[in-house]
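> I'll drop the sequence and a predicted model, then ask my questions.
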Amino acid sequence: GAGEVVTDSTAEVTLSLGSGGIVFPEGPLTVAAVNGVAAFPDVVLKKAGGGYHFTANAPGFEPVASTVFKVAPGAVTALGYDRFLETATAGVAQDLEVTLEDAFSNPVTTYTGTVKLTSTDAAATLPSHEFTAADAGRFKFQGITFRTAGFQFLTVEDSAGDFSFEQPVDVAAAAPSQLVFTQQPASPVSVRASLGDVKVAVRDAFGNPVPVTGLAVKLALVGGTFAQGIPTHTTEEGVATFTGLSIDDEGTYQLQASADGLQDATSANLTLSDTQAPAAAADFSATAVSSASIRLDWKAPGDDGILGTAARYELRYATSVITDATFDSATPVTGVGAPQTASTAEAFTVTGLTAATTYHFALKAFDGADNASALASASAATTNPCDGYVCTPPASQCAEDGTSLEVYSSVCVVQDGAPTCVDGGMELQACPGADAVCYAGACTTAPHPGAGELVISEVMHSPSVGTTEYLELTNTTSHLLRSEERRVG
């Protein structure tokens with residue numbers, strides 16, 4: 001039984017756990033008494049439980065036993081799991097049994113706080129639980145569902161912040177479920193311009209990339225068609241890439257991707273605008289057809305540069321060079337047909353023109369957005385009906401002076417489109433030479449008469465008042481003789 005302390009005793013006292021359990025340091029502990037008292041300061045009991053007691057022994061003394069006591073678990077410092085949750089599949093619910101443990105792996109049966117599960121996956125469904133004594137530190141969390149593929153962290157923590165434990169989880173994507181556009185053209189895009197790379201990716205129901213290879217993806221245009229038709233490409237690591245696509249017409253469209261067994265993907269609105277003007281008409285030339293018409297030839301431009309088909313032409317002409325500044329004031333030509341496909345040979349004949357006149361022509365092409373091409377210019381002169389047409393002038397006549405010749409001309413003019421000869425005037429030409437005279441409408445020579453070559457053959461008798469007296473002379477030779485007028489005062 002209990003007695004007085006033997007203050008001068010230095011006996012070695014051995015302490016042991018008399019009813020099982022685990023003590024630290026391991027096994028019995030022995031210390032020497034000081035002033036009759038043996039102190040065991042570093043005794044740690046590791047196993048929680050009840051019905052424990054200590055036994056103390058020392059040489060020369062009766063063994064002594066402590067009262068019976070129980071050991072409670074310590075604070076929560078670790079978790080125990082029924083399995084390691086290292087991997088998961090997006091959208092697949094899992095269960096995880098968690099045991100709250102102290103530093104010696106004893107279940108903390110006395111814990112009655114709230115434990116919640118959180119994750120770096122913001123889309124995950126994670127439960128929480130308020131522990132009761134009936135749980136005895138252990139609970140199975142059900143319905144743990146990740147939705148974001150990749151490495152995530154699962155955290156088990158006390159709502160009051162007393163403890164927190166984190167573990168990594170590799171979340172795999174679910175089965176392929178849908179298509180999404182990961183790269184698409186931004187509006188506006190010019191007609192016939194390349195849309196750039198269009199990328200369509202395979203996703204699961206939660207939007208996670210699914211790296212499937214060889215899946216056929218078809219791309220269509222809602223509201224129209226690509227210039228290349230409806231292309232199909234297979235996926236590489238979950239992505240189908242479409243290149244070199246273009247659209248020929250203005251408008252608002254949507255891209256639509258489809259694959260067997262998967263939900264279609266529809267892009268945002270794509271606006272096609274026409275900002276590129278047609279090219280100038282190539283090989284524009286003018287050729288005279290008649291005195292009133294000129295034929296124009298050219299090769300059709302495109303709607304955009306040399307691509308597509310333009311919407312309309314505007315043809316004008318003038319008798320001076322046409323520039324951009326003077327185009328609108330030139331005479332418009334009606335009746336020009338609609339443009340043909342780019343590079344098609346076209347022709348038009350302009351009529352109602354004036355003969356022998358040089359005309360300048362200018363042609364513009366317009367697209368559906370009224371973008372105008374640069375001017376195509378050419379010029380030509382209408383034909384002259386008088387070219388090669390011979391006009392015979394009136395016969396020349398001798399002038400009154402007898403030594404000059406009146407020479408007449410005739411010129412060709414166009415009247416009502418036909419060549420017509422009109423008098424061109426008279427030129428008085430002096431007959432050349434000292435003995436020159438004009439006779440019978442031609443210049444010739446006549447010497448002065450010799451003796452007996454010119455005789456008076458008749459004399460006017462008894463002239464009346466106011467008349468001129470005259471003589472009649474006769475040439476006795478066979479050649480012309482020159483006579484000169486002599487006036488007698």
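That came in fine, so what should we check first? Numbering: from 1, shown residues only.
> Taking the centroid of this protein, which residue is nearest it?
Val189 (4.1 Å; CA atoms, centre = their mean).
> nearest residue to that residue other than its sequence neighbours?
Leu272 (5.6 Å; CB to CB, 6 or more residues apart in numbering). Backbone N, C-alpha and C define where each C-beta goes, glycine included.
> Surely the one you found is in a helix?
No: checked against DSSP: H, G, I helix; E, B strand; the rest coil, Leu272 lies outside a helix; its state is strand.
> for it, which residues make a bridge with it?
Val189, Gly251 (DSSP bridges).
> That one and Asp249, how far apart?
Taking CB to CB, to the nearest Å as the criterion, Leu272 is separated from Asp249 by 7 Å.
> hang on, the earlier thing: wait, the residue nearest to Val189 sits on Val191?
Yes: using CB atoms under 8 Å, Leu272 is in contact with Val191, at 5.2 Å.
> Please identify every residue contacting each of these two.
Residues touching both Leu272 and Val191 by CB atoms under 8 Å, 6 or more residues apart in numbering: 247, 249-250.
> Please report which of the residues you listed has the highest neighbour count.
Ile247 (23 neighbours; other CB atoms under 10 Å).
> what residues are up against that one?
Applying CB under 8 Å, 6+ apart, the residues contacting Ile247 are 189, 191-192, 195, 221, 224, 226-227, 253, 272.
> Out of the residues you listed, the closest to Gly161 would be?
Distances from Gly161 to the contacts of Ile247, taken as CB to CB, are shortest for Leu195 (54.1 Å).
> Show the contacting residues for that closest one.
By CB under 8 Å, 6+ apart, the contact set of Leu195 is 185, 189, 245-247.
> what about the closest residue to Pro59 other than its chain neighbours, how many residues close to it?
Counting by CB to CB, 6+ apart, Pro59 lies nearest to Ala11, which is 6.0 Å off, once chain neighbours are set aside. By other CB under 10 Å, the residues close to Ala11 number 14.
> ok, Ala11 to Asp42 distance?
Ala11 is 20 Å from Asp42, by CB to CB.
> same question, Asp8
For Asp8 relative to Asp42 (CB to CB), the value is 26 Å.
> Where does pLDDT dip in the stretch 1-150 of the chain?
By pLDDT under 70, the weakly predicted segments of the stretch 1-150 of the chain are 1-2, 19-27.
> Pretty sure the residue nearest to the centre of the chain sits against Asp274.
No: the pair Val189 / Asp274 is not scored as a contact, 10.6 Å apart, by CB under 8 Å.
> circling back: show me what contacts the residue nearest to the centre of the chain?
Contacts of Val189 (CB under 8 Å, 6+ apart): 195, 247, 270-273.
> what do you get for Leu96?
Residues counted as contacts of Leu96 (CB under 8 Å, 6+ apart) are 81-83, 85, 140-141, 144.
> All the strands of the stretch 301-450 of the chain, in order from the start?
312-318, 331-333, 345-350, 358-366, 376-381, 397-398, 404-415, 418-430, 436-439, 442-445 (DSSP state E, counting those that start in this stretch).
> what's the neighbour count on the closest residue to Val92 other than its chain neighbours?
Nearest in space to Val92, with sequence neighbours left out and distances taken as CB to CB, 6+ apart, is Thr145 at 7.0 Å. Thr145 is flanked by 18 other residues according to other CB under 10 Å.
> Below-threshold pLDDT in the stretch 351-489 of the chain: ranges please.
460-464, 466-471, 484-489.
> Am I right that Gln167 is in contact with Leu154?
Yes: using CB under 8 Å, Gln167 is in contact with Leu154, at 5.5 Å.
> anything in contact with each of these two?
In contact with both Gln167 and Leu154: Leu85, using CB under 8 Å, 6+ apart.
> So which of the two has more stuff around it?
Taking neighbours as other CB under 10 Å, Gln167 and Leu154 compare with Leu154 leading, 22 against 15.
> mind checking how far Val64 is from Pro339?
120 Å.
> who has more neighbours, the two?
Pro339 (23 against 13).
> Isn't that one up against Ala365?
Yes: assessed by CB under 8 Å, Pro339 is found in contact with Ala365 at 6.1 Å.
> How about the contacts made by Asn79?
Let me fix one detail, which is that residue 79 is Leu and not Asn. 98-101, 156, 165.
> Could you rerun that using 10 Å?
The contact partners of Leu79, by CB atoms under 10 Å, 6 or more residues apart in numbering, come to 96, 98-101, 115, 156, 163, 165, 167.
> Out of these, give me the two with the largest separation.
Leu96 and Phe163 (16.5 Å).
> quick one: common contacting residues for Leu272 and Asp249?
191-192, 223-224.
> sorry, back to before: please convert the contacts of Ile247 to JSON lines, extending it with secondary structure.
Output for the contacts of Ile247, formatted as JSON lines (three-state DSSP):
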{"residue": "Val189", "secondary structure": "strand"}
{"residue": "Val191", "secondary structure": "coil"}
{"residue": "Arg192", "secondary structure": "coil"}
{"residue": "Leu195", "secondary structure": "coil"}
{"residue": "Leu221", "secondary structure": "strand"}
{"residue": "Gly224", "secondary structure": "coil"}
{"residue": "Phe226", "secondary structure": "strand"}
{"residue": "Ala227", "secondary structure": "coil"}
{"residue": "Tyr253", "secondary structure": "strand"}
{"residue": "Leu272", "secondary structure": "strand"}
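> Which member of the residues you listed is positioned nearest Val37?
Nearest member of these to Val37, counting by CB to CB, is Leu195, at 93.1 Å.
> quick one: the closest one and Pro231, what's the gap?
11 Å.
> So for these two, which residues contact both of them?
Common neighbours of Leu195 and Pro231, using CB under 10 Å, 6+ apart, are 242-245.
> looking at those, which has the most residues close by?
Top of the shared contacts of Leu195 and Pro231 by neighbour count (other CB under 10 Å): Phe242, with 23 neighbours.
> for the closest residue in space to that one that isn't next to it in sequence, what are its contacts?
Nearest in space to Phe242, with sequence neighbours left out and distances taken as CB to CB, 6+ apart, is Val198 at 4.3 Å. Val198 makes contact with 181-185, 219, 231, 233, 240-245, 255, 257, 267, according to CB under 10 Å, 6+ apart.
> Distance-wise, check Val198 relative to Glu453.
118 Å.
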